[in-house]
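Asks: Predicted model and sequence below, questions to follow.
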Protein chains: 2
Amino acid sequence: MGGTNSEFAVVNARGEIVGRDSIPTAGHNDIYEYIARLKNGVDALLKRTDTQGRVRAIGVCAPCANRYTGCIEASTNLPWPSPIPLASLLEQAFSLPASITNDANAAAAGEMAYGRARGMKNFIMITLGTGVGSGIVCDGHLLSGTRGFAGELGHVIVDAGSERDCGCGRRGCLETYCSASGVVRTALEMLSASGDESELRDIPTESLTAKVICEAARRGDKIAGEVYDFTGRMLGRACANFAAYTDPEAFILFGGVSKAGDLIAVPMRAAMEESMLHLYKDRVEILFSSLRDAEAALLGASALAWDLSEN
Amino acid sequence: MGGTNSEFAVVNARGEIVGRDSIPTAGHNDIYEYIARLKNGVDALLKRTDTQGRVRAIGVCAPCANRYTGCIEASTNLPWPSPIPLASLLEQAFSLPASITNDANAAAAGEMAYGRARGMKNFIMITLGTGVGSGIVCDGHLLSGTRGFAGELGHVIVDAGSERDCGCGRRGCLETYCSASGVVRTALEMLSASGDESELRDIPTESLTAKVICEAARRGDKIAGEVYDFTGRMLGRACANFAAYTDPEAFILFGGVSKAGDLIAVPMRAAMEESMLHLYKDRVEILFSSLRDAEAALLGASALAWDLSEN
């Protein structure tokens, strides 16, 4: 469930997507109308895939979803007031057990079940998208914490003196630098501070996206390259600190901004190794998620649902 | 095992210290001579407490001890070259299973077994002593990580622009602000930057300790008070970030600097709540260890040894 669309899929025991569809998230009068429309969509999908009556459980990933309470708490990206008791609403609508978690934890669960992290006991999944999310796996266990809010690394303050306002109400969070909008912010700052030529100057501000900047950097645009260099370095410095928490074997990058590939990973690695404690130096890999964007959250949510159907 | 002394004790199944003694850590030609002297001391203690032949296992806490490898790795506080295969040296000397871990993890294990954290599933133990160490318990489990180096929060860089050199070779680590020597450093900086009266000015630099500064602050010395205020605020800001990793229910403070009590906890709490993400606000306690300093490490090491004797 995202701020724009809600994707849903039937996933079989081998982690294959049997069928999928989506509905818009917004445009409903209230959460009940949304659930009703979702139910229509899912029922049609079950019919189309001939899986009626064979579904074992429902797994959902949604922003600010709390696995412990089954509620979406304090989301700024969804059109309804929080908290939303999503798990129980779904259980009632579908007469099936339902589990919810946030996007970043679902991505980590999916990566561990089906992706690059298969067999890995210690890694940190970092989702660089509209926001910056994370899922921390330590000693083989996806960390939850007291109320299910472990792993909010996008809201670690990486620069206490920063002027960058974050959606969370504070300043200088990692998200303000390494999310898609953080990349655009860096570009706007650099364009205004520098006199250098850049193809980005021909693009209206409202059309400037992390992707557009990435493409310009690939074509050799100097400022666009510096934007990703800065983004990668901010991420690398943050990850040097993150290593001191759980001694991971890898950081796994996921989400739109990570599509920049080496444009972000090369400066990230350099900054990370520069600022890393000797104990972790040259020992932590930087990997890219092997799950397709469009599938990672669906598969991660399904991994949670399997846990549920076994209990 | 500390840089100065090695304390040892016989601990019974109820977590009571039956007897204890110590030897100096330094002053031996090599690690073998040290182990031989330790064995003499321990044998005498076993005789004195009438526990010969009834000891089940050995637990040790030492700086930079790695539970996974059984080695002390890269310690700057011990007089021998690293790595030191301490666990196997002890197993040979005593013909008993031996387990080692670092001070901070042992303190967390002791706190969970016998102290304030009994029954707590999510907390972070922060040891403010010669260095700054930590033990992270999340979802009921003391985090180890890939190579046993999880929880080095003293070496999270809290100020990237800092001029403060750390023993680890980098700058701006939490340890450079919140260890005993960090407190002294802050005092020296403040004394030189301020023109205010202070009883600290009458104390020769080499006699200035965190304890002396704490006593001055208690007597109302303005600069000494500001030193602890600054120390607490640095710690609080760091802990606001730490909360985003494991969603703890408490930070538990331990070690010499934490003896300042409210002098450190009050500014710590204020700074922590100021910079905390809304998800964690007003939900994380700041507690002081209930274990006596002199016993915490011994009891923590013994908690590890019980695990060992059960396997």
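Replies: That came through fine.

Asks: Contacts for stretch A:82-97 next, please.
Replies: A:1, A:31-32, A:35-36, A:38-39, A:42, A:55-58, A:60, A:62, A:64-65, A:69-75, A:78, A:98-100, A:308-309 (CB atoms under 8 Å, 6 or more residues apart in numbering or on different chains). Backbone N, C-alpha and C define where each C-beta goes, glycine included.

Asks: Try it again at 6 Å.
Replies: Residues outside stretch A:82-97 that contact it (CB atoms under 6 Å, 6 or more residues apart in numbering or on different chains): A:31, A:35, A:39, A:57-58, A:70-75, A:98, A:100, A:308.

Asks: Run through the residues you listed and flag the ones next to chain B.
Replies: Applying CB under 6 Å from any CB of the partner chain, the subset of the contacts of stretch A:82-97 adjacent to chain B is empty.

Asks: how about the strands of the stretch 51-200 of chain A, start to end?
Replies: A:58-61, A:65-66, A:71-72, A:98-101, A:123-128, A:132-138, A:141-142 (DSSP state E, counting those that start in this stretch).

Asks: on contacts alone, who are the packing partners of the first one?
Replies: The reference is to strand A:58-61. Counting contacts by 3 or more CB pairs under 6 Å, 6 or more residues apart in numbering or on different chains; DSSP states H and E, strand A:58-61 packs against strand A:98-101, helix A:293-310.

Asks: So for the last one, what gets flagged as buried?
Replies: Taking 16 or more other CB atoms under 10 Å in any protein chain shown as the basis for neighbour counts, the residues of helix A:293-310 that come out buried are A:295-306, A:308.

Asks: Roughly how far does the residue positioned nearest the centre of chain A sit from chain B?
Replies: By CA atoms, centre = their mean, chain A has its centre lying nearest to A:T127, at 3.6 Å. Distance, A:T127 to chain B, using CB to the nearest CB, to the nearest Å: 15 Å.

Asks: Pretty sure A:E152 is one of the things that residue touches, is it not?
Replies: No: between A:T127 and A:E152 there is no contact under CB atoms under 6 Å: 11.6 Å.

Asks: Excluding residues flanking it in the chain, which one is nearest A:G133?
Replies: A:A104 (2.9 Å; CB to CB, 6 or more residues apart in numbering or on different chains).

Asks: do you know how far that neighbour is from A:A9?
Replies: 19 Å (CB to CB, to the nearest Å).

Asks: Chain A against chain B: which residues are in contact?
Replies: A:122, A:138-139, A:143-147, A:149-150, A:152, A:155-157, A:168, A:241, A:244-247, A:249, A:277, A:279.

Asks: Could you rerun that using 7 Å?
Replies: A:74, A:122, A:136, A:138-139, A:141, A:143-147, A:149-153, A:155-157, A:160, A:168-170, A:237, A:241, A:244-249, A:275, A:277-280 (CB under 7 Å from any CB of the partner chain).

Asks: and the longest helix anywhere in chain A, which residues are buried?
Replies: In chain A, with assignment by DSSP state H, the single longest helix is helix A:222-246. Neighbour counts over helix A:222-246 (16+ other CB under 10 Å) mark A:223-246 as buried.

Asks: can you count the residues close to A:K39?
Replies: Per other CB atoms under 10 Å in any protein chain shown, the neighbour tally for A:K39 reads 13.

Asks: ok, now the one 5 residues further on?
Replies: Here the number of neighbours of A:A44 (other CB under 10 Å) works out to 12.

Asks: now it: how far from chain B?
Replies: 36 Å.

Asks: For that residue, report the pLDDT, please.
Replies: Predicted confidence (pLDDT) for A:A44: 97.

Asks: now it, nearest residue through space, not along the chain?
Replies: Per CB to CB, 6+ apart, closest to A:A44 is A:D21, 7.4 Å.

Asks: got a list of what the one you found touches?
Replies: A:8, A:41, A:45 (CB atoms under 7 Å, 6 or more residues apart in numbering or on different chains).

Asks: any idea which of the residues you listed is the one closest to chain B?
Replies: Nearest to chain B out of the contacts of A:D21 is A:F8 (CB to the nearest CB; 26.8 Å).

Asks: Quick check: that closest one touching A:V42?
Replies: Yes: taking CB atoms under 7 Å as the definition, A:F8 is a contact partner of A:V42 at 5.7 Å.

Asks: List the residues that are in contact with both of these two.
Replies: Joint contacts of A:F8 and A:V42 (CB under 7 Å, 6+ apart) do not exist.

Asks: what's the longest helix of chain A packed up against?
Replies: helix A:175-178, helix A:180-193, helix A:210-218, helix A:262-275 (3 or more CB pairs under 7 Å, 6 or more residues apart in numbering or on different chains; DSSP states H and E).

Asks: Can you check my assumption that A:S6 lies in a strand?
Replies: Yes: A:S6 sits within a strand when classified using DSSP: H, G, I helix; E, B strand; the rest coil.

Asks: Look up the closest residue to it, ignoring the ones flanking it.
Replies: Using CB to CB, 6+ apart, the closest residue to A:S6 is A:T25 (4.9 Å).

Asks: Who are the contact partners of that neighbour?
Replies: With CB under 7 Å, 6+ apart, A:T25 has these contacts: A:1-6, A:78-79.

Asks: ok, and the most crowded of these?
Replies: A:M1 (26 neighbours).

Asks: Am I right that it is in contact with A:A62?
Replies: Yes: using CB under 7 Å, A:M1 is in contact with A:A62, at 3.9 Å.

Asks: Beta-bridge partners for A:I84, please?
Replies: A:I72 (DSSP bridges).

Asks: Near the closest residue to chain B within the stretch 1-150 of chain A, how many other residues are there?
Replies: Among the residues of the stretch 1-150 of chain A, A:G145 lies closest to chain B, at 2.5 Å counting by CB to the nearest CB. For A:G145, the count of nearby residues is 24 (other CB under 10 Å).
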